Structure formats: structure tokens, C-alpha cells
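Chemist: I'll drop the sequence and a predicted model, then ask my questions.
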Amino acid sequence: MIGGGPAGLRAAQLAAAAGLRVAVFDAMPSVGRKLLVAGKGGLNLTHGEPLETFAGRYRGPDQPPEFWQQVLADFTPADLCKWAVGLGVETFQAANGRIYPWSLKAAPLLRRWVQHLRDGGVRFAMKHRWVSLEPGRPHRLGFANGAFVEARAVLLALGGGSWPQTGSDGAWTAVLTDLDVRCHPLTPANCGWEHPWPPAVLEAAEGKPLKNLHVSADGTKVVGELMLTRYGLEGGAIYQLGHLLREMPQPELVIDFKPAHSEPQLLAKLQSVRRDFLTAARSAWKLGDAAHAILARRSWPDAVSLAHEAKHCRIPLTGPRPLAEAISSAGGVCWSELDSHLMLTRLPGVFVAGEMIDWEAPTGGYLIHGCLATATRAARAAIGWL
């Protein structure tokens, strides 16, 4: 296994349980570093929604139509929870459907996982940055420290290009490209987008939340929250729309600050107001600091135009934040390079799992589950191939 994140560790666990000799190589001094960063937000492992809805969260160019239905049926949210319990980690489902460990931390799960693997005979080789692969029977892999290893089967699980400080730096794309494996460029997904706020808006609302919104991009509407930042916007709503924003020649969001009210209903709350409509609306409409600051970017001659803006506020965006800041990345190994078992067709015996493959999903448990589910499929295929 090349890569010691969730996908690599899951694959190692299955391979060791099948009686194979297994080694995990990673460039960093320890495994699971990106998992630990994700754990700072409570470690959202998966989601309890129906599988059909769950599978629809995943997307990627040329993705096989039924892939996620099949791979999630083989490793369901219930299976993931049983796996965690097998490591001594109980889980719970929150009211929003998201599933977490009771500790809301990644470190206890990671410690138990690594110990379980060591007890199962898995060998760990840290500070081994993978730099080459010579196909053969066996394959010969080279590392930046001068080490070489031969393996009958290889599973690549090096992650995407976000959070490079954890080891997920996307450097593997050069190795696979040299082997004629086609990869789409890694781009930021689940990231903030930039908008040049006026100083007055930042002074009033930087770091303030925008709650209970309907947010649209290119005609697609989502429900969620946003955060106003010095560079633009962050938050779950914009993460869900990122794939659409990337495809728009002039990306913009349309925000409905008061989705529970129609324009006539908002106007009715200002019926007796004759001037200073925004001040009156802040109280009558119960606008938060950030929503008020955004609407205050300009003066409003009448209540009708203000109510329309509150329901259809357009925010033009200049681009996404850098890949290094993104929660996850899009791009990676093209689906056309893989068979249905996630083996590289050009390199028999070499399998790929996790965020290296060109798929993306929003936050909410889908990212970690996607890594574990693809690793489950790839590892079982590698075991069968051997």
C-alpha cells in the first residue's frame, strides 16, 4: 500500500485479514495525518441517508454510471459503523443524518486502527516517498530515500492535492503520467470562493455566519450556510455548488436570505415604512450581521427593490481559493484508465483507491466514506487478482 491515509489503511486491513504479507509505505513520519486534521471538525465518518441519495452525492467526468451504487452497496454506512465498532469505536447519528464517533475525535480511532494493523502483521515504512514504479512480475517500486521494494500487487492511495502539509500533495501525478496513465489536473473542491468585499462589509461582518439560506448557481439550488471571510465566502452551501461554479464562465452565487418568506410577505413587514428601508428591514426581517452588511452595500430607493435583493442577491465570484487550502480536490486518475475493480488497465496488478481517482463529493461524511468504500473494492480485487 502506497499511502497511509484512510484508503491505504482500510486496504491494508483487508489484505492482512486475507492472510497476505502487507506493507504500508508513506512519505510522512506517521500515518493518518489528514484524517487527524479532519477530526478537528468532529470526524464526520459517513451519513445515514438512503443509499440512492447517498450515491448521488458523488460526481466526476466519465464516471461509470452505476459505480457508486455498487461500491456503496458493498460497503454501506451500516458496514462502516460496524467496522468502527470492530476497532472499539462506537458511533452515533446526529439529527442532520451525519454519523460521528462518540468521542468526536480522530486520534482514538487512528490509534486503535494502527495497533490492529500491527497486531495483524502489517509492516509500516515511514519517510518513504514513492517516486517510481517498474511494472513486472513482481513490480519494483522506488522511493526518494533510495530504497526499493518488490511487490506482487500494489495499491496506490496517496490522496489528492489538498492540505499538502499532511502529505497529500499530488506529486504522484508525475509518476503515473510517466507511465502513460492519464490524469486530469487536480483542482480545489470543497473550498472557499473569492469576492472583493468593500471595507465597510468586512468591518461589519468578517467571520460572521449567514444561516438558513437558499443558495443557487447556474440554476441549481441548495440549502445551507455560508461564512463571510476577508477573501469571499466559505461554507457548506458553496461547497455543494463548487463543481457548477468551476464550469461557469462568470461564476456567481444567488442568495435568498429569507427563503421562508415571499417578496410580498417581506414587503408586508415594511408596509408602514417610508424611508431608511434597510434599517427597518434588519429588525422586521431579523437579518443577521452578515446579511445586513451585504444588503447595505448600496442604498435602496424603495422597499420593493430591497425585498427583491433579499430574495435574489447576486454575488459575482472571481475564483476558488488555492488548492492547498481546499478540504478536498477534484481531478486525478481518469476513470477510463481503470477497470471496474479499480485496477489500472495499463498496469495489471496495480490498483488505485481514494481521492487519487477523479471523483468529488461534498462534505457531510461522503469524502471519508468514499475513500473507505473504494479501498474496500480495490483491496478485495487485489486479493482476488493474487
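Modeler: Received the coordinates, thanks.
Chemist: show me where pLDDT drops low in the stretch 201-350 of the chain?
Modeler: Residue ranges of the stretch 201-350 of the chain with pLDDT under 70: none are present.
Chemist: what are the ranges of the strands in it?
Modeler: With strands called from DSSP state E, counting those that start in this stretch, the stretch 201-350 of the chain shows them at 209-217, 220-228, 232-234, 252-256, 313-316, 319-320, 328-333, 350-352.
Chemist: And the fifth one, how far out from the chain middle?
Modeler: Right, the one you point to is strand 313-316. In this view, strand 313-316 has its centroid 25 Å away from the chain centroid, taken as Cα atoms, centre = their mean, to the nearest Å.
Chemist: Neighbouring strands - and their directions - for that strand?
Modeler: strand 252-256 (antiparallel) (DSSP bridges).
Chemist: gap between the strand it pairs with and the chain center?
Modeler: Distance, centroid of strand 252-256 to centroid of chain: 22 Å (Cα atoms, centre = their mean).
Chemist: For it, buried residues please.
Modeler: Across strand 252-256, burial judged by 16 or more other Cβ atoms under 10 Å covers 253, 254, 255, 256. Using the backbone N, CA and C atoms, a C-beta is placed for each residue, glycine as well.
Chemist: For the stretch 251-386 of the chain, which segments count as helices?
Modeler: Secondary structure of the stretch 251-386 of the chain (DSSP state H, counting those that start in this stretch): helices at 263-268, 277-284, 289-295, 303-311, 366-385.
Chemist: tell me the mean pLDDT over stretch 73-93?
Modeler: Throughout stretch 73-93, pLDDT has a mean value of 97.
Chemist: same question, stretch 50-58
Modeler: Stretch 50-58 shows a mean pLDDT of 95.
Chemist: Can you point out the buried residues in it?
Modeler: Across stretch 50-58, burial judged by 16+ other Cβ under 10 Å covers 54, 55, 57, 58.
Chemist: Just the endpoints, please. Distance across that stretch?
Modeler: Its first and final residues considered, stretch 50-58 spans 14 Å by Cα to Cα, to the nearest Å.
Chemist: How far off centre is it?
Modeler: The answer for stretch 50-58 is 15 Å, by Cα atoms, centre = their mean.
Chemist: now swap in stretch 223-230 and tell me
Modeler: That offset, for stretch 223-230, works out to 17 Å (Cα atoms, centre = their mean).
Chemist: Check stretch 280-293 too.
Modeler: The mean C-alpha position of stretch 280-293 is separated from the chain mean by 32 Å, Cα atoms, centre = their mean.
Chemist: CA atoms of that stretch as PDB?
Modeler: C-alpha atoms of stretch 280-293 as PDB (Å, rounded to 0.1, in the frame of the first residue of the first chain):
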ATOM      1  CA  ALA A 280     -36.400  48.800   9.300                       C
ATOM      2  CA  ALA A 281     -35.800  45.500   7.400                       C
ATOM      3  CA  ARG A 282     -33.000  44.500   9.700                       C
ATOM      4  CA  SER A 283     -35.400  44.300  12.600                       C
ATOM      5  CA  ALA A 284     -38.600  43.300  10.700                       C
ATOM      6  CA  TRP A 285     -36.900  40.500   8.700                       C
ATOM      7  CA  LYS A 286     -34.500  39.500  11.500                       C
ATOM      8  CA  LEU A 287     -31.300  39.900   9.400                       C
ATOM      9  CA  GLY A 288     -28.000  38.800  10.900                       C
ATOM     10  CA  ASP A 289     -24.900  41.000  10.800                       C
ATOM     11  CA  ALA A 290     -23.600  39.500   7.600                       C
ATOM     12  CA  ALA A 291     -26.800  39.600   5.600                       C
ATOM     13  CA  HIS A 292     -27.400  43.200   6.700                       C
ATOM     14  CA  ALA A 293     -23.800  44.200   5.700                       C
END
